[in-house]
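Visitor: make a model of this:
(one chain, ligands or ions: 1)
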Amino acid sequence: MSDLTHLRSDFPILAREMNGHPLVYLDSAATSQKPRSVIDAMAEFSRTGNANVHRGAYTLSNDATDRYEEARLRVAGFIGADRREVAFNRGTTSALNQVAYGWGLYNLKPGDRILLTLMEHHANIVPWQLVARHTGAELVYAPYAANYTLDRDKFHELLDERVRIVGLTAMSNVLGTINPVRELADAAHAAGAIVVVDAAQAVPHMAVDVKDLDADFLAFSGHKMLGPTGIGVLYGKLELLEQMEPAEGGGEMISDVQLEASTWAEVPHKFEAGTPPIAQAIGLGAAIEYLEKVGMDAVRSHEVDITRYALDQLGTIDDLTIYGPTDLDVRGGAVSFTLADIHPHDLATILDQRGIAIRAGHHCARPLARSLNQPATARASFYVYNSPGDVDALVAGLHEAREIFGVA
Ligand code: C6P
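Guide: The predicted structure is shown next:
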């Protein structure tokens, strides 16, 4: 197994005890833990560098602006984009809403279709429902196949000339499925649609190059990739961002404001209304620096190894069902499961008493949960700091849960 155990000591929180046990953190798909370098970069900025950006005529503000823009450059480099193609916002949810309200609202009409997959997070469903209500467009969903990968035949069947937008997750937060974004984007483009990629679970866990994917828009969150909460990224192809309307208006995003109308600042600033999350952008820059040092190939291969080990070990527990692909080439480290008829919330509570943090519920993907006939599942998710020992603790905790619930 690839060895990243030396990284663990970079994450102060992992030294904590929880309910009398060492903390075993298995909920990185919800939010990741932060290394000391990220915590320190943000604290240092607040201590010595804090000022508003793009406004000041004084050195402190100019320095803050430089650091904020350096963070943008680092993000751009990380995903293979131009600096002008990277807009900061609050997170994936906010980025996807920007596309729905800035592009969808102005380009959709009755009869048009938005093609999504059944494995989307609510963040890539609800904004489209809201915009469909305004525009009269219709939502259609491509299902997944028996092996929990996207049903490509159904996807291609649904992809007709009515489809204007294809929205898809690059990696499911429930099934772990990695979708073939480039292949689907090529088909979508041939059909005349644009492609909006929810990369909230992909960018933290594998090398993502927006040009290789040929994504038109792509969204992700800082807090799932070792960075802070409150910062996210909308990538958009330059020409699309230039055409797209801002979904939010206010300070910073304008070129001129008259009484009746306004003109917009250059991209990406027209999508950054108000004071942006400055310290958070600096924290995200530090998180990317950390990930780049580890190397995204090492991040991915560690994830494959630990997920393989988890699937093997969980497979030894009777009555445990895993919802997601078994082929590690097409899955990431989010592993959802149920154990006999024990409610996932009870499982999470029993594990918590042993210091083990997992998520239980519908994982903000209710249509998917409904299609699985499981209103809730338990989910363990892994990241660079997790070790086989964490998987062993999970498995031991699940055996105890079986005993407590008297599962025969
Ligand atoms: N999923 C999970 O536990 P925000 O909250 O905006 O940072 O990210 C939303 C989001 C969008 N897409 C996917 C695929 C996601 O996984 C998430 C967040 C967390 O699975 C919280 S619900």
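Visitor: neighbours of the residue in the stretch 201-350 of the chain that the ligand sits nearest to, how many?
Guide: Going by Cβ to the nearest ligand atom, the ligand is nearest to Ser221 of the stretch 201-350 of the chain, at 3.4 Å. Yep, even glycine has a C-beta here, placed from its N, CA and C like the rest. When neighbours are counted by other Cβ atoms under 10 Å, Ser221 registers 29.
Visitor: that one reaches Phe88, doesn't it?
Guide: No. Counting by Cβ atoms under 8 Å, Ser221 does not reach Phe88; the two are 11.3 Å apart.
Visitor: joint contacts of these two?
Guide: Residues touching both Ser221 and Phe88 (Cβ atoms under 8 Å, 6 or more residues apart in numbering): 231-233.
Visitor: most neighbours among those, which one is it?
Guide: Highest neighbour count within these, by other Cβ under 10 Å: Val233, with 30 neighbours.
Visitor: among the shared contacts of Ser221 and Phe88, which lie within strands?
Guide: 232-233 (DSSP state E).
Visitor: what does the model give Ile278 for pLDDT?
Guide: pLDDT, Ile278: 98.
Visitor: wouldn't it be in contact with Gly56 here?
Guide: No. Taking contacts as Cβ under 8 Å, Ile278 lies outside contact range of Gly56: 11.8 Å.
Visitor: give the contact list for the closest residue to the ligand within the stretch 301-408 of the chain.
Guide: Using Cβ to the nearest ligand atom, the single residue of the stretch 301-408 of the chain nearest to the ligand is Cys364, 3.6 Å away. With contact set as Cβ under 8 Å, 6+ apart, Cys364 has these partners: 121-123, 173.
Visitor: tell me the SS of Lys211?
Guide: Classification of Lys211 by DSSP: H, G, I helix; E, B strand; the rest coil places it in helix.
Visitor: now it: closest residue in space that isn't a chain neighbour?
Guide: Distances taken as Cβ to Cβ, 6 or more residues apart in numbering place Gly80 nearest to Lys211, at 5.1 Å, with adjacent residues excluded.
Visitor: thought the one you found was touching Asp209?
Guide: Yes. Gly80 is in contact with Asp209 according to Cβ under 8 Å; the separation is 3.8 Å.
Visitor: quick one: end-to-end distance for stretch 184-196.
Guide: 11 Å (Cα to Cα, to the nearest Å).
Visitor: for the ligand, what are the nearby residues on the stretch 151-300 of the chain?
Guide: 169, 173, 198, 200-201, 221 (Cβ under 6 Å from any ligand atom).
Visitor: and for this structure, the residue most distant from the center?
Guide: Leu259 (39.3 Å; Cα atoms, centre = their mean).
Visitor: mean confidence score for the stretch of helix or strand Met42 belongs to?
Guide: If you go by DSSP states H and E, Met42 is part of helix 36-44. Helix 36-44 shows a mean pLDDT of 98.
Visitor: and stretch 51-63, by the same measure?
Guide: 93.
Visitor: what's in contact with it?
Guide: 49-50, 64-65, 68-69, 252, 269, 275-276, 278.
Visitor: then stretch 190-199?
Guide: Contact with stretch 190-199 is made by 92, 96, 99, 103, 115, 120-121, 123-124, 159-161, 163-171, 181, 184-185, 188-189, 208, 213-220, 240, as judged by Cβ under 8 Å, 6+ apart.
Visitor: at 6 Å what do you get?
Guide: 99, 124, 159, 163-167, 169-170, 181, 185, 188, 208, 215-220 (Cβ atoms under 6 Å, 6 or more residues apart in numbering).
Visitor: how about stretch 121-129 as CSV, C-alpha atoms only?
Guide: Provided in CSV are the C-alpha atoms of stretch 121-129 (Å, rounded to 0.1, in the frame of the first residue of the first chain):
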residue,chain,number,x,y,z
HIS,A,121,-25.9,16.0,-5.3
HIS,A,122,-28.7,18.4,-4.6
ALA,A,123,-26.3,21.2,-5.5
ASN,A,124,-26.5,20.1,-9.1
ILE,A,125,-30.2,19.4,-9.1
VAL,A,126,-32.1,22.1,-7.2
PRO,A,127,-30.5,25.2,-8.9
TRP,A,128,-31.6,23.6,-12.2
GLN,A,129,-35.1,23.0,-10.9
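Visitor: hmm, it touching the ligand?
Guide: Yes. Stretch 121-129 lies within reach of the ligand by Cβ under 6 Å from any ligand atom, at 121, 123.
Visitor: buried stuff in that stretch?
Guide: Neighbour counts over stretch 121-129 (16 or more other Cβ atoms under 10 Å) mark 121-128 as buried.
Visitor: can I assume Gly333 is in contact with Thr307?
Guide: Yes. Using Cβ atoms under 6 Å, Gly333 is in contact with Thr307, at 4.7 Å.
Visitor: name the residue in these two with the higher neighbour count.
Guide: Higher neighbour count among Gly333 and Thr307: Gly333, with 27 against 23, using other Cβ under 10 Å.
Visitor: residues contacting the more buried one?
Guide: Counted by Cβ under 6 Å, 6+ apart, Gly333 has contacts 303, 307, 381-382.
Visitor: try Leu7
Guide: Leu7 neighbours (Cβ under 6 Å, 6+ apart): 384-385.
Visitor: Three-state assignment for it, please.
Guide: helix.
Visitor: pLDDT score assigned to it?
Guide: 97.
Visitor: which stretches in the stretch 251-400 of the chain count as strands?
Guide: 254-257, 262-264, 320-323, 334-339, 356-357, 359-361, 377-381 (DSSP state E, counting those that start in this stretch).
Visitor: more neighbours: which of Ile278 and Gly56?
Guide: Taking neighbours as other Cβ under 10 Å, Ile278 and Gly56 compare with Ile278 leading, 24 against 14.
Visitor: so the more buried one sits against Glu69, correct?
Guide: No. If you go by Cβ under 6 Å, Ile278 and Glu69 don't touch, sitting 10.6 Å apart.
Visitor: and Arg402, how far from Met18?
Guide: 22 Å (Cβ to Cβ, to the nearest Å).
Visitor: just His362 next, same as before
Guide: Applying Cβ to Cβ, the value for His362 to Met18 is 24 Å.
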